[in-house]
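> Return a 3D structure for these sequence lines:
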Amino acid sequence: MTVDLLAGLNTAQKEAVEAIEGPVLILAGPGSGKTRVITHRIANLVKVWRINPRRIMAVTFTNKAASEMKDRLSRMMGTMVDQLTLGTFHACCARILRMEGSHIGLDKNFVIYDDDDQLKLVKRVIEGLNLDPKKIVPRAILSGISAAKSQLITPQAYSGQVRSYFDEVVQRVYEKYSKVLISSRALDFDDLLMTTTQLFSQKPEVLSRYQSRYLHLLVDEFQDTNVAQYVLAKQLAGKHRNICVVGDPDQSIYSWRYADIRNILNFEKDYPDARIFYLERNYRSTKTILEAATSIISCNKQRKSKSLWTENELGAPITVSEMYDEKEEAQEVVKEIEKLTRNGKINLSNCAVMYRTNAQSRVLEETFMRFGMPYKLIGGTRFYERKEIKDTIAYLRLINNPYDSVSMTRIINVPGRGIGQQSFNRFTTWANEQGYSYYIALKELESLNTQVGEKQETPVLPIPLRAAAAFQKFIDTLEDLIDSSKKQNILQLFDDVLKRTGYKEYILGEDDGEERWENIMELRTVASDFEHLPAGEALVSFLEKVALVQDVDALDEKTEAVTLITLHKAKGLEYPVVFIIGMEERLFPHSRSYDDPAQMEEERRLCYVGVTRAEKHLYLFHTFRRTLMGMNNTSERSRFLDDIPPHLISTGSGGKPVETGKQKREGEITWETSQVLEPVLELNEGDRVLHEVFGQGIVQKLIPVQDDFEVMIKFHDGLGVKKLLLSLAPLEKLA
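A predicted model of the protein is given here:
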């Protein structure tokens, strides 16, 4: 069996798999087979060393990675894979808190607030504190709270590090936000991690049980861990110290999510007896792509040097091309994909277009639609963010945990049931004054309403009698559904909710009701995975799954379409053909990195990640001009392009730029023209022309640019000189 488990592994991989005891650091370059090493290591522990799979925890960063790992392990271990603790940090912590949270007063039916829920709650807290919403950005406040939690800083501790007015606002909102979460019996994503570390710190007997249980801990993508995740790993491995971490400092690109690259760079300091293994053989990319990637990343200082190599073919040169603007850039992407897929050797699903910012996808989408080329956008309006999906989930969350104030606020008058905004505001004000959660306030309102109906002497109702009746109807329906949830399976409950609340009729009455109803039925399909579980357990498991779903989890790799995706979301993926667009200064690298050397290094790591997603063909595009988010500017090619050795680059069929990066940044443009095409319009310097938008002008200069001409025209009416691409400009020559 040992031979079978080690078959196909290279020497470095075998050594990493067989290093069983003590701390282990596996530095795995891109495409080096790290998932293979992790899965074979786990299988080796179980099948060869006879470690009970229940005593192994393996932590990943995405559900997709966890699913892939489980699929591979099931082929090696069979049903024993189900005994492993395998999942994301957040999923593993949620599981622990469901079982052990009562030790620190946590309700086992707590709900998990996603980003949208958190933002709504922060806005509500800001309003409640009478802070000016025009001067305070809720997203920035939430980011400050998240940063604090990722470093395990409580509201009380945060007050000791206030240095500015912004910090003061964050502290005040953070404190109130935390109280509302507690009253709502809810945790946000960051709480899942922080609360688990608090549980282990405050209840050493609980930690001791988990330390004894988990003989081996494996952590994937260790370069992406934050302080909270690092502390969790250290807590869990505190007894046996059999901790194996896998990662690559060169692929640390999530500092904006508070990942701390020092966790992997300093692992040897924290574990002086750690054994280190380098996975340097790349199985993914051609020699050309790998050499380019190495040249780009070698400029960084915060790294552990590796010597990546591959036995793959040399491969095609990297295409580096300059387009006139973002429209031509998008058209060139479509044209090149059409050319690559024409003979059937490459499919649309083999191609990915990557970019630094989400805003860059707009022109791509418009162009793909205009040319009828199928695409899938990763990071657009996601399934679980659609209104009908969030509404349905909110009803189910409220049934599971009626103290969930965010869900109640969302659906208390959806569909409309006579509870106006003014009445709801009066209700929430009264609840806050009394110190009630919304659920308790509804129950109290029900009691007051009953006394009024019995004509007993009672305090005045906090809301009009008519509105009180609507609230009463809502609480009656909710209580009935809570009772039903204890008896029905999850699909019966799902259908009952849609019927009893009137939500089905409400949705089908909308203009796009059929499509939205189909989305709800798709959610029902997700719920059907839990139909075999007991009623209460099924609902909790279903809600936990949809709360922890991630962007790339929805990526259907079987769909025949080009993937449009940000560079950050592309990490962990690979494609035969990769286009990276917008390779320009102040876009990539981003302008925010200019004054911070550490951020500039992260931008370079992001470029490295993008380049190493490519297996066979890599295209790097930049533009002469770009309009983005309302700003139209002349562009400078990215410094990262200048790091690629010239012998690895091809510029396609057009002109070949021979200028250095320094010349480019000084504005000197020198073109060696390999092919000068005849202009689509016969023009000479001094000719008078008419432009559809700019009006009349005089041609000042014509410059060959790749397979086109750049024409400089001085327009009348004070418009000045404009540079246009001749093939695209709507020009007419005047006599």
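> Residue 646: how many residues sit nearby?
Here the neighbour count serves as a burial measure; for residue 646 (other C-beta atoms under 10 Å) it reads 9. From N, CA and C alone the C-beta is placed, and that goes for glycine too.
> ignore the last one, residue 363
22.
> ditto for residue 478
Residue neighbour count, defined by other C-beta under 10 Å, stands at 21 for residue 478.
> Surely it and residue 402 touch.
Yes - the pair residue 478 and residue 402 passes the contact test of C-beta atoms under 8 Å, sitting 6.4 Å apart.
> in the stretch 401-550 of the chain, which segments are predicted with low confidence?
Flagging of the stretch 401-550 of the chain using pLDDT under 70 yields the residue ranges 449-461, 550.
> one more time with 80
Counting by pLDDT under 80, the stretch 401-550 of the chain contains low-confidence residues at 446-467, 510-513, 515, 549-550.
> Pull out the buried residues from stretch 165-179.
Within stretch 165-179, the residues scored as buried using 16 or more other C-beta atoms under 10 Å are 169, 170, 171, 172, 173, 174, 175, 176, 177, 178.
> Stretch 531-549 too?
Taking 16+ other C-beta under 10 Å as the basis for neighbour counts, the residues of stretch 531-549 that come out buried are 535, 538, 539, 540, 542, 543, 544, 546, 547, 548.
> I figured the fifth one hits residue 532, correct?
No - contact status for residue 542 versus residue 532: not in contact, 11.9 Å apart, counting by C-beta under 8 Å.
> Can you check what pLDDT the model gives residue 159?
Note on residue 159: pLDDT of 89.
> How about the secondary structure of it?
Classification of residue 159 by DSSP: H, G, I helix; E, B strand; the rest coil places it in helix.
> Quick check: it touching residue 170?
No - the pair residue 159 and residue 170 fails to qualify as a contact (C-beta under 8 Å) at a distance of 10.2 Å.
> centre of the chain versus stretch 131-145, how much separation?
A distance of 21 Å separates the C-alpha centroid of stretch 131-145 from that of its chain, computed with C-alpha atoms, centre = their mean, to the nearest Å.
> Correct me if wrong, but residue 703 is in a helix.
No - if the criterion is three-state DSSP, then residue 703 is strand and not within a helix.
> On the pLDDT front, check residue 295 for me.
Note for residue 295: predicted pLDDT of 96.
> I figured it hits residue 642, correct?
No - using C-beta under 8 Å as the test, residue 295 is too far from residue 642 to be in contact (10.0 Å).
> hang on, the earlier thing: filter the buried residues of stretch 165-179 down to the ones in strands?
Secondary structure assignment by DSSP state E places none of these in strands.
> coming back round to it: now render the buried residues of stretch 531-549 as JSON lines, adding distance to residue 509 and secondary structure.
Formatted as JSON lines, the entries for the buried residues of stretch 531-549 read as follows, by distance: C-beta to C-beta, whole Å; DSSP: H, G, I helix; E, B strand; the rest coil:
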{"residue": "535", "distance to residue 509": "30", "secondary structure": "helix"}
{"residue": "538", "distance to residue 509": "30", "secondary structure": "helix"}
{"residue": "539", "distance to residue 509": "27", "secondary structure": "helix"}
{"residue": "540", "distance to residue 509": "32", "secondary structure": "helix"}
{"residue": "542", "distance to residue 509": "27", "secondary structure": "helix"}
{"residue": "543", "distance to residue 509": "27", "secondary structure": "helix"}
{"residue": "544", "distance to residue 509": "32", "secondary structure": "helix"}
{"residue": "546", "distance to residue 509": "25", "secondary structure": "helix"}
{"residue": "547", "distance to residue 509": "29", "secondary structure": "helix"}
{"residue": "548", "distance to residue 509": "32", "secondary structure": "coil"}
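> Buried ones in stretch 595-607, by neighbour count?
Within stretch 595-607, the residues that count as buried by 16+ other C-beta under 10 Å are 599, 600, 601, 602, 603, 604, 605, 606, 607.
> just stretch 698-705 next, same as before
698, 699, 702, 704, 705.
> give the contact list for the second one.
When the contact criterion is C-beta atoms under 8 Å, 6 or more residues apart in numbering, the partners of residue 699 are 683, 684, 685, 686, 687, 688, 689, 711, 712, 713.
> low-scoring stretches of the stretch 101-250 of the chain, by residue?
Residues of the stretch 101-250 of the chain that meet the criterion pLDDT under 80 lie in 132-135.
> Which stretches in it count as strands?
Taking DSSP state E, counting those that start in this stretch to define them, one finds strands in the stretch 101-250 of the chain at 111-113, 186-188, 216-219, 243-247.
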